[in-house]
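Novice: Sequence isn't available, so here's the structure alone:
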């Protein structure tokens, strides 16, 4: 089997992660010409194109395999750094980009239970990159080899990966107290849910329509929607009277308890089952991530 130049592999990763040759050169502190040369040399060694020169740049199938290999090498280095730090604390240097460990987590988990789960690892110096996406799409980052683990709604393990159930996140419909009393005195019903906009995360977010459909037994739901690409931002928009939103109960709980928000349909909630997927490798870093996330989920999720 061919041995690939680690610098060339990190060059490929930098191009994909930074979205271009110029930013990759800045990250690696080399010239853009050197980036192109390293990529061409790697493509010549593999015998195929590794990057599709589109906008945005995308790795080819072969590029995705090498990207996954690069991430695995980073994981091995991260494990080695942890072991060396335990044996000789003074030997552990500063974190470098090629040691970074990437995981994908949905925005609602980041806004509620996931970040506190990672506090200990971050304080211990684990160089993490958290990529956010909709919970129905985070597994694509893992499938493409761009992250080593993800929180997702996908139940079946991807090839070469293991899966751990985390629990369910319950979603509820909320509105500002004044708006709820004015427009929804009897709560959300099949006859009034079209009266105000629903605030969704983005166009991938189908939770708003799913909630209304399940609550009222409707097969097709058309909503007037506004888009705010932040879990906390959705709640702030509701507090400002923009409309209704369906968000994690965990996120809304403090404001509900203070009476600033109202649960418009207390008899209805949509549970979303979450799972942690990661590469099926022997790794202290992966084991630590898995243990931290599952412990926090056990405390916070249904």
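Specialist: Cool, got the structure. Every value quoted in this text rests on a predicted model; they were computed, and no experiment measured them.
Novice: Who are the contact partners of residue 128?
Specialist: 100-103, 118, 121-122 (CB atoms under 8 Å, 6 or more residues apart in numbering). In this view, the C-beta of every residue, glycine as well, is placed from N, C-alpha and C.
Novice: Just give me the least confident of the residues you listed.
Specialist: The lowest pLDDT within the contacts of residue 128 belongs to residue 100, with 77.
Novice: Check whether that one really touches residue 71, as I assumed.
Specialist: No. The criterion here is CB atoms under 8 Å, and residue 100 misses it with residue 71 at 9.1 Å.
Novice: which of the two has more neighbours?
Specialist: Counting neighbours by other CB atoms under 10 Å for residue 100 and for residue 71 shows that residue 71 has the greater number, 20 against 17.
Novice: The more buried one and residue 294, how far apart?
Specialist: To residue 294, residue 71 is 22 Å away according to CB to CB, to the nearest Å.
Novice: What's opposite the residue nearest to residue 131 when sequence neighbours are not counted in the beta bridge?
Specialist: Using CB to CB, 6 or more residues apart in numbering and skipping residues adjacent in sequence, the residue nearest residue 131 is residue 104, 4.5 Å away. On the basis of DSSP bridges, residue 104 is bridged to residue 131, residue 150.
Novice: ok, now which ones touch residue 104?
Specialist: 130-133, 138-139, 141-142, 146-147, 149-152.
Novice: swap in residue 209?
Specialist: 221-223.
Novice: Of these, grab the buried ones for ChimeraX.
Specialist: In ChimeraX, a selection of the buried entries from these looks like this (16 or more other CB atoms under 10 Å):
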select :221,223
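Novice: Go through the contacts of residue 209 and name the one nearest residue 182.
Specialist: Using CB to CB, the shortest approach to residue 182 within the contacts of residue 209 belongs to residue 223, at 19.5 Å.
Novice: and the gap between that closest one and residue 107?
Specialist: From residue 223 to residue 107 the distance is 20 Å (CB to CB).
Novice: Check residue 277 too.
Specialist: In terms of CB to CB, residue 277 sits 17 Å off from residue 107.
Novice: neighbour-wise, which of these two wins?
Specialist: residue 277 (26 against 22).
Novice: pLDDT weak spots in the chain?
Specialist: 1-2, 85-99 (pLDDT under 70).
Novice: just so I have it, where are all the strands in it?
Specialist: 51-52, 58-59, 101-106, 128-133, 149-152, 161-176, 198-200, 225-227, 245-248, 261-263, 270-279 (DSSP state E).
Novice: on that earlier part again, could I get the contacts of residue 104 in TSV, plus columns for distance to residue 195 and neighbour count?
Specialist: What follows is these, written out as TSV (distance: CB to CB, whole Å; neighbours: other CB atoms under 10 Å):
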residue	distance to residue 195	neighbour count
130	37	15
131	37	14
132	31	17
133	31	20
138	33	27
139	36	24
141	38	21
142	40	24
146	42	22
147	41	26
149	42	26
150	37	28
151	34	25
152	34	28
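Novice: Show me which of these is closest to residue 35.
Specialist: Nearest to residue 35, judged by CB to CB, of the contacts of residue 104 is residue 146 at 18.8 Å.
Novice: Pull the contacting residues for the closest residue to residue 15 other than its chain neighbours.
Specialist: With sequence-adjacent residues excluded and distances taken as CB to CB, 6+ apart, residue 15 is closest to residue 24, at 4.5 Å. For residue 24, the contact set (CB under 8 Å, 6+ apart) comprises 11, 14-15, 17-18, 35.
Novice: and of these, the nearest to residue 244?
Specialist: residue 17 (37.1 Å).
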